[in-house]
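1. Need the 3D shape of this:
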Amino acid sequence: MKPEWLKDAVIYQIYPQSFQDTNVDGIGDFYGIIQRLDYIKSIGVNTIWLNPCFDSPFEDAGYDVRDFLKAAPRYGSNDDLVKLFKQAKSKGLKVILDLVAGHTSIQHQWFVESSKPEKNECSDLYIWMNRDFDPAIGPTEKNYLHNFFPCQPALNFGYAEINKPWQDPIDAPGPLKNIQMLKDVMAFWMNKGCDGFRVDMASSLVKNDPGLKKTTKIWHNIRSWFDANYPECILVAEWSNPAEAVSAGFHLDFLMHFNLPIYKSLFFNGNGTLPLAPYEDCYFSADGKGTPWDFLPEYLKQVQAVKGLGYVSLPTANHDFQRLYCDPRNQEAELRVAWVFLMTQAGVPTIYYGDEIGMKFIENTPAKEGSTLTGMIAPNGGGAGGERAGTRTPMQWDSSPNAGFSTASADQLYLPLDPDPERSTVENQEKNPNSLLHFVRKLLKLRDSIPALGSEGEFTVLTDESCNYPLVYTRKLDDSCYLIAINPSAKQVSANVKLTSQNLNELLQYGMKINSANNNLKVTLQAFGYGIIKLS
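-> Residues are numbered from 1 along each chain as shown. Now for the predicted structure:
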């Protein structure tokens, strides 16, 4: 069972710190989002995903939660967040929150109590490898398991395979209390108007879990409760394997994040963002040296696996990875090809704030609140400063000081702005009918008006592995069929595809020619060309 509205969803991800500041402290807030709801809706999206907005010391940008039932004061109060829910709903927008399911902040009261030497109701909520620590020193990372940074102690959901005396089975009291805790947190916010959750590191709950069978069992438990009590709300996974995530009980998962080799083959060339080995010949690069065939087999397998049960999402970017506008993509013509591809995929689109106006990934942005990972995960790579910070810079609204993000002094801003005086803004893109913003709106309007281009249309690739450029595919639903062709390279390319000659109705195209002969179509695209064609 999944909500009917989900099949038409288009998600807009907001990093709250960087979206809109209204109280002049240089940090975005709930009222800033409320003020921009009309703009958000105008893009063509209908669902907002907020990065973590619960009380936190912000050692990892809010992914270290200090209190799950309290909004972070930097953004506003619980009442302000509820007002955001209500205002969004009045405009036909859903709001989902980011839920950190597998760990808390070291400052969470549960951890404070759990670390006390005297046994209490919180003692078994975390995974303690050694409780014989010096009370004068307190717990150190040698005493407890942490999921990411040491400031994020792992909640105890048990072990599938037990080989240490301190490891609990998943039905031990501690894990059972934590499962109930997740339900209680979800219920608290859904009762206040939240429409669901994106669950951080959703596959990480149970440790030593081959095949994630025990983790899946926990999510099945939660999904059964979820459907019985909140059937119109959704669960979105950070799992990066939609087939597994949807099977585990989620409505939607991103084919990104941990599945990097597949996604990197499309968009990433290794400059900045997470400190991982570069993938120089990504497909969406003007040099035309990439291939879609590192990506397509896995993507098609995932789409088929979740058909009728849930959805795949290919995001434009997110808070952990570089934006579409980054080296090697450094001009708007290249961005448009990527947008055509992303907005004509099967599944639910996710747009990262600012991508719709072509905001850039800013190299060498200073580290902020855990944005740098060098020396922790992959010590041999990464950009200077905060590898993830370059994709978290303030939203660019207009030509006023600080690009309309904040009236605070520039040195107070959460992160510095793109220093380019010619940086794109919503204001200048609104004025230009040929801007990227208007192009994105046009794509989403097409998607909304044509079910075959939506989340449930069949996706069929017409070119084969002998052809990297162009990529030609169809989207089909019932008797409605559309051909899409893209060329992310800087050279003219052609492909012959087997398709019976039909009437061709161009809906959107740039630099494309199609010739028909002998039940074949010859599709020719100039540099950065694309087309969406109705077949009839």
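
2. who does the helix or strand that contains T524 pair up with?
-> Assigned by DSSP states H and E, T524 belongs to strand 520-535. Neighbouring strands of strand 520-535 in its sheet, by DSSP bridges, are strand 480-486 (antiparallel), strand 493-498 (antiparallel), strand 504-517 (antiparallel).

3. Distance from it to the middle of the chain?
-> Its chain's C-alpha centre and that of strand 520-535 lie 29 Å apart, by CA atoms, centre = their mean, to the nearest Å.

4. buried stuff in that strand?
-> Along strand 520-535, these residues count as buried under the neighbour rule (16 or more other CB atoms under 10 Å): 521, 523-525, 527-535. Heads up, the C-betas are built off the backbone N, CA and C, glycines and all.

5. How about stretch 358-377?
-> Counting neighbours by 16+ other CB under 10 Å, stretch 358-377 gives 358-362, 365, 367-374 as buried.

6. swap in stretch 476-496?
-> Buried-residue list, stretch 476-496, by 16+ other CB under 10 Å: 476, 481-489, 493, 495-496.

7. Tell me where the stretch 51-200 of the chain has helices.
-> Ranges of helices within the stretch 51-200 of the chain are 78-90, 109-114, 173-190, based on DSSP state H, counting those that start in this stretch.

8. Distance to N434 and mean neighbour count for those helices - can I get that in CSV?
-> CSV is the format used below for the helices of the stretch 51-200 of the chain (distance: least, CB to CB, whole Å; neighbours: other CB atoms under 10 Å):
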stretch, distance to N434, mean neighbour count
helix 78-90, 30, 17
helix 109-114, 53, 18
helix 173-190, 41, 18
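
9. Minimum distance to D124: which of the ones you listed has it?
-> When these are compared by CB to CB, helix 173-190 sits nearest D124, at 3.2 Å.

10. and for that closest one, what are the contacting residues?
-> Contacts made with helix 173-190 from outside it, assessed by CB atoms under 8 Å, 6 or more residues apart in numbering, are listed as 68-69, 97, 99, 101, 121, 123-126, 155-158, 168-169, 196-197, 218, 221-222, 225-226, 229-230, 233.

11. swap in stretch 222-231?
-> Outside stretch 222-231, the residues within contact range by CB under 8 Å, 6+ apart are 1, 3, 179, 182-183, 186-187, 190, 196, 233, 235, 248-250.

12. Quick check: D253 is in a helix.
-> No: applying DSSP: H, G, I helix; E, B strand; the rest coil, one finds D253 to be strand, outside a helix.

13. can you pull the contacts of it?
-> Contacts of D253 by CB under 8 Å, 6+ apart are 236-242, 244-246, 306, 310-313.

14. if we can go back for a sec, between the buried residues of stretch 476-496, which is closest to A136?
-> P488 (59.8 Å).

15. distance of the closest one from Q331?
-> Plainly put, P488 is 12 Å away from Q331 if you go by CB to CB, to the nearest Å.

16. With P433 instead?
-> Distance from P433 to Q331, counting by CB to CB: 19 Å.

17. Neighbour count: the two, which is higher?
-> Per other CB atoms under 10 Å, whichever of P433 and Q331 has more neighbours is Q331, with 12 against 9.

18. Tell me who's in contact with A160.
-> Per CB under 8 Å, 6+ apart, neighbours of A160: I170, V206, K207, N208, D209, P210, K213, K214, T215.

19. shouldn't the last one be in contact with N208?
-> No: under the criterion of CB atoms under 8 Å, T215 is not in contact with N208, lying 10.8 Å apart.

20. So which of those two has more stuff around it?
-> More crowded of T215 and N208, by other CB under 10 Å: T215, with 24 against 13.

21. what helix or strand does that one sit in?
-> helix 213-229.

22. Now do that helix against helix 173-190, angle only.
-> 40 degrees (axes from the mean of the first three to the mean of the last three CA atoms, to 10 degrees).
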